[in-house]
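Peer 1: Just a sequence and a predicted model for now, questions to come.
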Amino acid sequence: MKNRIRIIAAVLLAVIATDVKAKDKKRKMFNPIHTALVSQTIAPDARAAGMGDVGAATDPDVNSQYWNPAKYPFCISRAGLALNYTPWLRSLVSDMDIAYLAGYYRIGDYSAVSASLRYFSLGEVYLNYDGTGDTSNAQTINPYEMSFDVAYSLMLSENFSIAAGVRYLMSDMTYRLDAGEKSASSAFAADISCYYNNYINIGPRECQLGLGLSISNIGSKIKFNGDENSEFIPTNMRLGAALMVPIDEFNRFTISADANKLLVPTCPPQEEGENDEEYDLRLDDEYYNISSISGMFKSFGDAPGGFKEELEEVNWSVGAEYVYNDKFSLRAGYHHESENKGNRKYFTVGAGFRMSAFTLDCGYVIATAKSNPLDQTLRFTLGFDMDGLKDLFKR
């Protein structure tokens, strides 16, 4: 009996030790890419959000400014405007939200100008809060991030267009206790993108093929007051493809996919036997002292885990959209991010309704893990077709 107990105890200890080692290895492998102004990576509109966060090559719409502004010259309407709203992380807090306003105007038949304004509010934050539930004596601040951008897009041929844009970004997230005031930081960035649109025959059906590439937030690093080092902004490359298949006169189906990578260097982890001072010195040399442009090129080959980890830094999204009579839409999609880079994995669903003058869309996130704070996130979009409004007022 004693020998049996010893054997069972030894097995249990071996299992526990193996489990601890596995968890420790998994913890060491967790190495997400760090950037400031993370709100810039959040999909702002309900249509794309309902399709798994795809948008680089989908049909042009008023919110193309975020995904790929080169799509605007292919829009049918002369002009459009959209207001997007997302209650953010409502499973954790009740007063965080994102508002996004986007619009465009086509100049002639071959070019367009567009702009957008994003405002990300973190709600009320209490300073000097004692945790008793009484906030009457606590100081309240309202941190936020915002950005404003404009873009110009040009059709170079009947199938291909390019776009360029500039963006101003501001973060009011820090508070200087010594000065008793909030401190805002800002940065400037540029976007470049291209879009290809053509028709191909698949059996008896003439299908629409779209290909898109967008590189956004190519710009300066941002430095927060009180911090010695400047942080990278989320420079991002998105490559996408979409195929629209008409079923009949009233029904069509679109499948889309995007590959997304942050063009930001990976922060090197602390090595075994390396003390904090040595690690900080190495960080300054290998990370913080790198310019944003150098960091873009470095981001393709600096992952500590080699090529395998580089592939883990690519996020994948797939989505589908069914449209009936250009009026009703149903959408679904899936977004995948590696467990070692953030583990944002979720399904999405959405729906839309279109009239001649406006559109109404909603999107909903269903996280694969219930502990994911993105679970049950809702997005809403109200869009206006200026040609439709013009015709409406003429009646």
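Peer 2: In hand now; what should we look at?

Peer 1: Could you list the low-pLDDT ranges of this structure?
Peer 2: Counting by pLDDT under 70, the chain has low-confidence residues at 1-29, 127-138, 174-183, 226, 370-371, 395.

Peer 1: the helices in it, which residues?
Peer 2: If you assign secondary structure with DSSP state H, the helices in the chain sit at 2-29, 46-50, 64-67, 276-283, 292-298, 307-312, 386-394.

Peer 1: roughly how far is the second one from the heart of the chain?
Peer 2: With C-alpha atoms, centre = their mean, to the nearest Å as the basis, the distance from the averaged C-alpha position of helix 46-50 to the chain average is 12 Å.

Peer 1: And the shortest one, by the same measure?
Peer 2: Taking C-alpha atoms, centre = their mean, the mean C-alpha location of helix 64-67 is offset from the chain mean by 11 Å.

Peer 1: List the neighbours of that helix that are in contact with it.
Peer 2: Among residues not part of helix 64-67, those counted as contacts by C-beta atoms under 8 Å, 6 or more residues apart in numbering are 43-45, 48, 55-56, 58, 71-72, 75, 100, 102, 104, 114-116, 149, 151, 165, 212, 214, 238, 240. Using the backbone N, CA and C atoms, a C-beta is placed for each residue, glycine as well.

Peer 1: In strands, which of these fall?
Peer 2: In this view, these that belong to strands under DSSP state E are 100, 102, 104, 114-116, 149, 151, 165, 212, 214, 238, 240.

Peer 1: hmm, which two among those are most spread apart?
Peer 2: Put simply, by C-beta to C-beta the two of the ones in strands among the contacts of helix 64-67 set farthest apart are A115 and G240, 22.2 Å from each other.

Peer 1: Identify each buried residue in stretch 338-353, please.
Peer 2: Within stretch 338-353, the residues that count as buried by 16 or more other C-beta atoms under 10 Å are 338, 340-341, 344-346, 348-352.

Peer 1: Would you format those residues as JSON lines with distance to A259 included?
Peer 2: JSON lines is the format used below for the buried residues of stretch 338-353 (distance: C-beta to C-beta, whole Å):
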{"residue": "S338", "distance to A259": "13"}
{"residue": "N340", "distance to A259": "17"}
{"residue": "K341", "distance to A259": "14"}
{"residue": "R344", "distance to A259": "15"}
{"residue": "K345", "distance to A259": "16"}
{"residue": "Y346", "distance to A259": "17"}
{"residue": "T348", "distance to A259": "17"}
{"residue": "V349", "distance to A259": "22"}
{"residue": "G350", "distance to A259": "21"}
{"residue": "A351", "distance to A259": "26"}
{"residue": "G352", "distance to A259": "25"}
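
Peer 1: and which of these is nearest to D284?
Peer 2: Minimum distance to D284 across these is 23.7 Å, recorded for K341 (C-beta to C-beta).

Peer 1: give the contact list for the closest one.
Peer 2: Taking C-beta under 8 Å, 6+ apart, one finds 31-33, 312-313, 315 in contact with K341.

Peer 1: Name the nearest residue to it, ignoring sequence neighbours.
Peer 2: The shortest distance from K341 to any residue that is not its chain neighbour, by C-beta to C-beta, 6 or more residues apart in numbering, is 5.0 Å, and that residue is P32.

Peer 1: Over to D385?
Peer 2: For D385, the spatially nearest residue (C-beta to C-beta, 6+ apart) is S77, at 4.9 Å.

Peer 1: quick one: which of the contacts of K341 is most hemmed in?
Peer 2: For those, the largest number of neighbours (other C-beta atoms under 10 Å) sits with E313, at 25 neighbours.

Peer 1: So that residue is in contact with N260, correct?
Peer 2: No. Between E313 and N260 no contact is recorded; they are 9.6 Å apart, counting by C-beta atoms under 8 Å.
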